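In: Here's my sequence, what's the structure:
(one chain, ligands or ions: 1)
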Amino acid sequence: MAQLNNWRINSESGWCRLTLDVPRASQNVLSAEVIAELDIALEQIERDAPNAVLLCSGKERGFVAGADVREFAKIESGEQAAEALASAHRVFARLEALPMPSVALINGHCLGGGLELALACDFRVAADSESARIGLPEVLLGIHPGFGGSVRLIETIGAPAALQLMLSGRGLAPRSARRLGVVDYAVPMRQLESAARYAVSRPRLPDGKLKGLWKTVMASLPARALMCAFIKRQLRARVRREHYPAPYQLLELWRRHGNDREAMFAAERESVAQLITSAASRNLVKLFFLREKLKKIPKETGKETAHFSHIHVIGAGVMGGDIAAWCVLRGLRATLHDSNPAALANAMKRAHNLFRRRLKSPRLVQRALDRFQPDPAGDGARRADVILEAIVEDRAAKAAVFAEAQKVARSGALLATNTSGIPLEELASGLRAPGQLVGLHFFNPVARMQLIEVVRGEQSSPDSLAAAAAFAARIGRLPLAVKSRPGFLVNRILMPYLLEAVQLLEEGVRGEIVDRAAEQFGMAMGPVELADNVGLDVCMHVARNLTKTYGGEAPGMLAQKVEGGNLGKKTGEGFYRWTRGKAQKEKADSDARTLAAIEERLIFRMLNESVACLNEGIVDGADSLDAGMVFGAGFAPFRGGPVAYIIEQGQEAALRRFDGLQERYGERFAPCAGWKELQLGE
Ligand code: NAI
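Out: You can find the predicted model right below:
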């Protein structure tokens, strides 16, 4: 037999153990080589004819993380993709057709191609754990399962549950996967192998009456069509077909071929081969790598993430309270200080809700609450590894907080501010060790936004910056290094877009239409709704700060709203009226041309500011800028970020669009310094 690099075959008492252990990798992924070698291994197994096959992972924790995404990026044509998919299908079919029973031993994450591999086995047993995930997240990369998984998951757990899983890309904990029937058993890790032997020893029960009836109903085209129409309606509320075609294509191939296994396998291959070379998938894959890159930064600095166990947060408002709660949720202890006891009580209430929502089990909620301490006297600052300030945006007040904090802080503690725009140098000027201070700029809502801007003041020491990145990783967030200039990266680019939206409102355009134009482009939320969410007072503050430095002015309507006390969601009225946390939008008609013109105004303001940021070196390059805007501001992920969008439009063509915009709407559309020097690669 040919030498295998990735697989080991061991036989013992008539059982074959087939182990995947990709060399020099912390986790297994299914590359073309791994699949080709599996074919060779299966040939050997067919010859040896053991009593049963145990398919395992050689990694201590983790079965298979998915297909090798690096190979996606190298695929040049649909034909090339179709060929790769066809050989994977052939090998998986061979595994499925083995004459002896096969069991996948799932010892941790089992995702994408990994689950598709496990589904080709007769049985699946999983090690029970809170953190492991089992699922088919392919839609998050702009494709859908392509190794036969769509067919086999539907056969295993039925169409309704399988489609919900595949269309959302959601991962299940092993116990939930067991309840749904994705795996046969979820047992403690040490019992994994005995559970596998037990599974093989028991004949599989035939389908129950209800499952059998479902299968019969779903074999009919009208029944599938009805169900698809229902699911499509839910899907449309989440994603648009023109932006994310993969879930729609998956649904369609089941509607058409759900009663014909072979036809569905073929349609699955064809559909994925086409999707994988689409611009949307390419951009989503690019973002996947950017996320991985940001995740690795703390490791590269050599800082220990485990070092952080206690955070002391000063200021228990919208941000401080939620930041402390998030840190607790991620396993840290937190002390929370505020000069106003009511703010502390409020923050504790919100934290309790968050813990209940996320942790579910009362025991875990209680444990989290035990780690969270309101601290009216501020004593926690003496013991903390990180002291984070999130009080009102007032320079003198913040400087005083740090002067006091540094007096009592442990040596080596990290001092961080959540300021949205006060230059760090000004806050650090009175400090004994100014290098200790960095910015950790979180985004609202804290529990949802993945990014933290790690702000580098001129005085920040490399050691503090490395510690800040490690801390972000410790609490499950992506650290993006940014220069300490007003607005940093995300607010700086977002603000012209928000101000353009207010300008449109002043011109009499309805908020609903402005928002629709942005959502049509692919933004997670329209700018009018976003401004109301952030708080119009906060927007006003940031806008003033930015226009003071970079010029321009905020439309008067923003100030009027703030003066009238209509601050957005938090006061129940801003640009929209808010009821039970929802903006009350009314029906408003508009034609495609108007929407396109609004979209151009909104998006080109952002593109212009993006180029300015690149030119000023606010971040270390185009990729970081794109990552920041997607993970921190909800910029349309399938477009890959503002710079990727400029590249797609063509840099010259994009620049030319400013001529017309400037003529029609004035100086704010003058291309910023930097366009000419910009050298964007393809
Ligand atoms: P907030 O007004 O909701 O809360 C500020 C809290 O600080 C209040 O509870 C107040 O009682 C307390 N406080 C004021 N002075 C204090 C002092 N000297 N000592 C202790 N507590 C004091 O403000 P928010 O929105 O939470 O903002 C806090 C910081 O976070 C600001 O610097 C803001 O620019 C920044 N930020 C805000 C974002 C947002 O979306 N609201 C997003 C990102 C950053």
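In: Report how many residues lie close to the residue nearest to residue 364 when sequence neighbours are not counted.
Out: Spatial nearest neighbour of residue 364, excluding adjacent residues (Cβ to Cβ, 6 or more residues apart in numbering): residue 355 at 7.6 Å. The C-beta positions use only the backbone N, C-alpha and C, and glycine is treated the same way. The local packing of residue 355 (other Cβ atoms under 10 Å) involves 22 other residues.
In: What is the helix or strand encompassing residue 355 packed up against?
Out: For residue 355, the host element (DSSP states H and E) is helix 341-359. Counting contacts by 3 or more Cβ pairs under 8 Å, 6 or more residues apart in numbering; DSSP states H and E, helix 341-359 is packed against helix 318-329, strand 333-337, helix 362-370, strand 372-374.
In: sorry, back to before: list the contacts of the residue nearest to residue 364.
Out: Applying Cβ atoms under 8 Å, 6 or more residues apart in numbering, we find residue 355 in contact with 325, 328, 329, 364, 365, 368, 369.
In: swap in residue 347?
Out: Neighbouring residues of residue 347 by Cβ under 8 Å, 6+ apart: 316, 317, 320, 321, 322, 324, 325, 336, 338, 374.
In: which residue packs closest to the residue in the stretch 251-400 of the chain that the ligand sits nearest to, ignoring adjacent ones?
Out: Among all residues of the stretch 251-400 of the chain, residue 317 sits closest to the ligand, at 1.7 Å; criterion: Cβ to the nearest ligand atom. Take residue 317 and drop its neighbours on the chain: the residue closest to it by Cβ to Cβ, 6+ apart is residue 343, 6.0 Å away.
In: same check, this time on residue 572
Out: In space, and not counting its chain neighbours, residue 572 is closest to residue 578: 5.2 Å by Cβ to Cβ, 6+ apart.
In: next SSE after the helix or strand harbouring the one you found?
Out: Using DSSP H and E, residue 578 falls within strand 578-579. As assigned by DSSP H and E, the chain's next helix or strand after strand 578-579 is strand 582-583.
In: Give the buried residues for the helix or strand bottoming out on mean pLDDT in the chain.
Out: Lowest by mean pLDDT, DSSP states H and E among the helices and strands of the chain is helix 209-218, with a mean of 79. Across helix 209-218, burial judged by 16 or more other Cβ atoms under 10 Å covers 214, 218.
In: Downstream of that helix, the next helix or strand is which one?
Out: Assigned by DSSP H and E, the successor of helix 209-218 is helix 221-238.
In: where does the stretch 301-450 of the chain dip in pLDDT?
Out: For the stretch 301-450 of the chain, the stretches with pLDDT under 70 are 304-306.
In: Against residue 325, how distant is the nearest residue to residue 303 once chain neighbours are set aside?
Out: In this structure, residue 303 finds its nearest non-sequential neighbour in residue 470, 3.7 Å apart by Cβ to Cβ, 6+ apart. Per Cβ to Cβ, to the nearest Å, residue 470 is found 21 Å from residue 325.
In: One more: residue 626?
Out: Residue 626 is 30 Å from residue 325, by Cβ to Cβ.
In: Would you mind giving the domain segments of this protein?
Out: Here the domain assignment for the chain is 7-275, 313-483, 490-617+650-677, based on automatic domain parsing.
In: Using CSV, lay out these together with distance to residue 285.
Out: Output for the domains of the chain, formatted as CSV (distance: least, Cβ to Cβ, whole Å):
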stretch, distance to residue 285
domain 7-275, 5
domain 313-483, 17
domain 490-617+650-677, 17
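In: where in this structure is pLDDT low?
Out: 1, 304-306, 681-682.
In: Could you show which parts of it are in contact with the ligand?
Out: Within reach of the ligand by Cβ under 6 Å from any ligand atom, the chain has these residues: 314-320, 337-340, 343, 390-393, 397, 401, 418-420, 441-442, 444, 534-535, 538.
In: Let's see that with 8 Å instead.
Out: Applying Cβ under 8 Å from any ligand atom, we find that the chain lies next to the ligand at 314-321, 337-340, 343, 378, 389-394, 397-398, 400-401, 417-422, 441-444, 534-535, 538, 541-542.
In: Filter the residues you listed down to just the buried residues.
Out: Counted by 16+ other Cβ under 10 Å, the residues of the chain next to the ligand give 314-321, 337-338, 343, 378, 389-391, 393, 398, 401, 417-422, 441-443, 534-535, 538, 541-542 as buried.
In: Need the residues that contact stretch 17-34.
Out: For stretch 17-34, contacts defined as Cβ under 8 Å, 6+ apart pick out 5-11, 41, 45, 53-59, 62-69, 71, 84, 87-88, 109, 113-114, 117, 147.
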